[in-house]
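>>> sequence unavailable; structure follows:
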Ligand code: NDP
């Protein structure tokens, strides 16, 4: 039913994106055909085929690693100030082409344009700017006086923040003098291929960045390649464990940024309306496809009914639909496989006795969609309270004391992030000290900044990305490699 406050459609034009029907691999500064079988990448919001890309095989990965090795000789010897110029140039081109990249990201990933436009792409540019600043100051980073790059870095990234994850990986690697072979996720290769064009536009020396598209097998070929010095991976805990097993006993270094099941903890003295916005942002931002999503709401029992009532009212105002519409809050689920996983775990939640609720909302007929969902009456043993759903699904639990909140928040195999909502500064500090999570947000959630390190405890992985700490993952103080 329409109301006087309905939004008129406000679609962003996709004319700015110049899609090719097919793309090759980016190796040694050029697009090449590759040997593997082509596969299609689709728009998850319409199932329209956007382009065909190559599934790189072992020979392609080997060519990319060889190109990266050749480029390493001169790139690693270039002065930091010179390397910085390339990073600055890439950052500026990302800014100049921001609208084009944002539209392409929303097309290929399904995320709302207001998120790709206002979060993903500006933060991606910020990572290049920030690391450009470090390139000539590494000796002052407090790591060691004689830091050296590791060599060729293999990077495998997921589909939830395609260009942003690429930037998290490539910017520090390049700033520290490494060269890169990167594989984007199978369902979201297009902004990585656009980034390859940006490398050409920035006159980046051939081989410094190589992009090989493909599925799990391509990622595995990178991980197993004997001439790769370091692996940087973001994705599921299962694949992270496989990678750790594969490289055990080799000289390869690794950083793993894996899953999460973060607690977003709301105390009775919190500013409730502000907390509601934080809860919504915590789990419904990017359709909940966020490793650090606040997927477990822990709310103090005395205010639980009020918080749930206000939360439901707020969820009723969210607009689900066309990712390219500037008013859309929640876009499409990234793939049919991810949708199936979200549906399955939600059904398990009901079967295990939790109460399921979604606001009334019409979902488009084509594409992959899931309404924002809240589970109440959740207990800690239920799968929806333990497993990463990676979708717009919130599990609500309650607590009475700060000690109970900490115990419940830490009762998870993961340890990536947490949120605390309270008026009391002393409680924030106490909670941050007790919570086993790499990032603890206070009175906010899902804030990302290149200056701030990010990473997990336990099954959320190891190593940090971003900030001064993130540089450490890309340098050695040992002998030359
Ligand atoms: P994966 O961990 O499978 O994918 C992450 C990346 O690794 C992709 O590029 C993937 O390629 C690649 N990959 C897959 N298998 C291997 C392998 N054996 N060796 C090397 N690389 C490999 O995540 P999924 O996309 O399958 O998502 C599954 C679940 O993982 C989600 O439901 C979610 O719970 C979690 N996840 C967590 C993320 C996080 O940020 N922590 C991000 C994404 C998912 P390809 O794209 O072809 O599969």
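Ah, there it is. Just so it is clear, the model here is predicted, and its values are computed rather than measured.

>>> for the stretch 301-450 of the chain, which segments are assigned as strands?
355-357, 373-376, 393-399, 417-421, 439-442 (DSSP state E, counting those that start in this stretch).

>>> looking at those strands, which is buried most?
Most buried of those, by mean neighbour count (mean count of other Cβ atoms under 10 Å): strand 417-421, with a mean of 29. (Glycine included, C-beta is placed from N, CA and C.)

>>> one step back: in CSV, list the strands of the stretch 301-450 of the chain along with mean pLDDT and distance to residue 20.
Formatted as CSV, these follow (pLDDT from 0 to 100; distance: least, Cβ to Cβ, whole Å):
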stretch, mean pLDDT, distance to residue 20
strand 355-357, 98, 43
strand 373-376, 98, 38
strand 393-399, 98, 36
strand 417-421, 98, 38
strand 439-442, 98, 38
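
>>> residue 72 is nearest to which of the ones you listed?
Of all the strands of the stretch 301-450 of the chain, strand 439-442 sits nearest to residue 72, with 32.1 Å by Cβ to Cβ.

>>> quick check, that closest one touching the ligand?
No - applying Cβ under 6 Å from any ligand atom, one finds strand 439-442 out of contact with the ligand, separated by at least 13.0 Å.

>>> next, the buried residues of stretch 274-284.
275, 276, 278, 279, 280, 281, 282, 283, 284 (16 or more other Cβ atoms under 10 Å).

>>> kindly indicate which of those lies nearest the ligand.
The nearest member of the buried residues of stretch 274-284 to the ligand, counting by Cβ to the nearest ligand atom, is residue 283 at 13.7 Å.

>>> can you check the pLDDT for the closest one?
On pLDDT, residue 283 comes in at 98.

>>> which helix or strand contains the nearest residue to residue 424 once chain neighbours are set aside?
Distances taken as Cβ to Cβ, 6 or more residues apart in numbering put residue 269 closest to residue 424, at 6.5 Å, once the chain neighbours are dropped. For residue 269, there is no helix or strand it lies in under DSSP states H and E.

>>> thinking again about what came up before, identify, from the buried residues of stretch 274-284, the entry nearest to residue 438.
residue 282 (15.7 Å).

>>> OK, contacts around the residue lying closest to the closest one once chain neighbours are set aside?
Spatial nearest neighbour of residue 282, chain neighbours left out: residue 294 (2.8 Å); criterion: Cβ to Cβ, 6+ apart. Neighbouring residues of residue 294 by Cβ atoms under 8 Å, 6 or more residues apart in numbering: 262, 263, 264, 278, 279, 282, 283, 394, 417, 419, 445, 446.

>>> what do you get for residue 211?
Counting by Cβ under 8 Å, 6+ apart, residue 211 has contacts 25, 26, 182, 183, 184, 192, 193, 195, 196.

>>> A helix includes the residue nearest to residue 282, no?
No - read with DSSP: H, G, I helix; E, B strand; the rest coil, residue 294 is coil and lies in no helix.

>>> which of the helices or strands spans the closest residue to the ligand within the chain?
At 2.3 Å from the ligand, residue 219 is the closest residue in the chain, using Cβ to the nearest ligand atom. Here residue 219 sits within helix 216-224, counting by DSSP H and E.

>>> what is the neighbour count of residue 432?
Burial of residue 432 is recorded as 15 neighbouring residues (other Cβ atoms under 10 Å).

>>> nearest spatial neighbour of it, skipping sequence neighbours?
residue 440 (4.4 Å).

>>> neighbours of residue 258, just the number please.
25.

>>> OK, contacts around it?
234, 235, 236, 237, 240, 291, 414, 416, 456, 459, 460, 461.

>>> and those residues as CSV, adding secondary structure and pLDDT?
Shown next, in CSV, are those (DSSP: H, G, I helix; E, B strand; the rest coil; pLDDT from 0 to 100):
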residue, secondary structure, pLDDT
234, strand, 98
235, coil, 97
236, coil, 97
237, helix, 96
240, helix, 97
291, coil, 97
414, coil, 97
416, coil, 97
456, coil, 95
459, helix, 95
460, helix, 96
461, strand, 95
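
>>> so which of these reach the ligand?
Okay, of the contacts of residue 258 touching the ligand (Cβ under 6 Å from any ligand atom), that's 234, 235, 236, 291.

>>> so residue 358 sits against residue 375, correct?
No - look at residue 358 against residue 375 with Cβ atoms under 8 Å: they stay out of range, at 10.2 Å.

>>> which one is the residue nearest the centre of the chain nearest to, not counting chain neighbours?
Centroid-nearest residue in the chain, with Cα atoms, centre = their mean: residue 161, separated by 4.2 Å. Nearest residue to residue 161, sequence neighbours excluded (Cβ to Cβ, 6+ apart): residue 120, at 5.8 Å.

>>> give me phi/psi at the one you found?
phi -60, psi -50 (degrees, to the nearest 10).

>>> what do you get for residue 454?
According to degrees, to the nearest 10, residue 454 has phi -140, psi 140.

>>> and the gap between it and residue 216?
From residue 454 across to residue 216, the span is 24 Å (Cβ to Cβ, to the nearest Å).

>>> ok, the two, which is more surrounded?
Under the neighbour definition other Cβ under 10 Å, residue 454 and residue 216 were set side by side, and residue 454 has more, 22 against 14.

>>> for that one, what are its contacts?
168, 257, 292, 438, 439, 448, 464, 465, 466, 467, 470.

>>> just give me the closest of those residues to residue 345.
Out of the contacts of residue 454, the member with the shortest distance to residue 345 (by Cβ to Cβ) is residue 292, at 18.3 Å.

>>> you'd agree that closest one is up against residue 257?
No - with contact defined as Cβ under 8 Å, residue 292 does not reach residue 257; the gap is 9.6 Å.

>>> now for the contacts of residue 294: which two are most distant?
Taking Cβ to Cβ, no two of the contacts of residue 294 sit farther apart than 394 and 417, at 14.9 Å.

>>> may I see the buried residues of stretch 118-132?
119-121, 123-132.

>>> do the same with stretch 188-204
Buried residues in stretch 188-204 (16+ other Cβ under 10 Å): 188-196, 198-199, 202, 204.

>>> and for stretch 214-232?
214, 218-225, 228-232.

>>> take these and lay them out in a markdown table including pLDDT.
Listed next are the buried residues of stretch 214-232 as a markdown table, based on pLDDT from 0 to 100:
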| residue | pLDDT |
| --- | --- |
| 214 | 98 |
| 218 | 98 |
| 219 | 98 |
| 220 | 98 |
| 221 | 98 |
| 222 | 98 |
| 223 | 98 |
| 224 | 98 |
| 225 | 98 |
| 228 | 98 |
| 229 | 98 |
| 230 | 98 |
| 231 | 98 |
| 232 | 98 |
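
>>> residues of the stretch 251-400 of the chain that sit close to the ligand?
258, 259, 291, 338, 341, 388, 390.

>>> now with 8 Å?
257-260, 289-291, 335, 337-338, 341, 388-391 (Cβ under 8 Å from any ligand atom).

>>> in helices, which of the residues you listed appear?
Assigned to helices by DSSP state H, the following of these qualify: 337, 338, 341.

>>> who touches residue 63 in this structure?
27, 28, 32.

>>> of those, which is the most crowded?
That'd be residue 27 among those, by other Cβ under 10 Å, with 26 neighbours.
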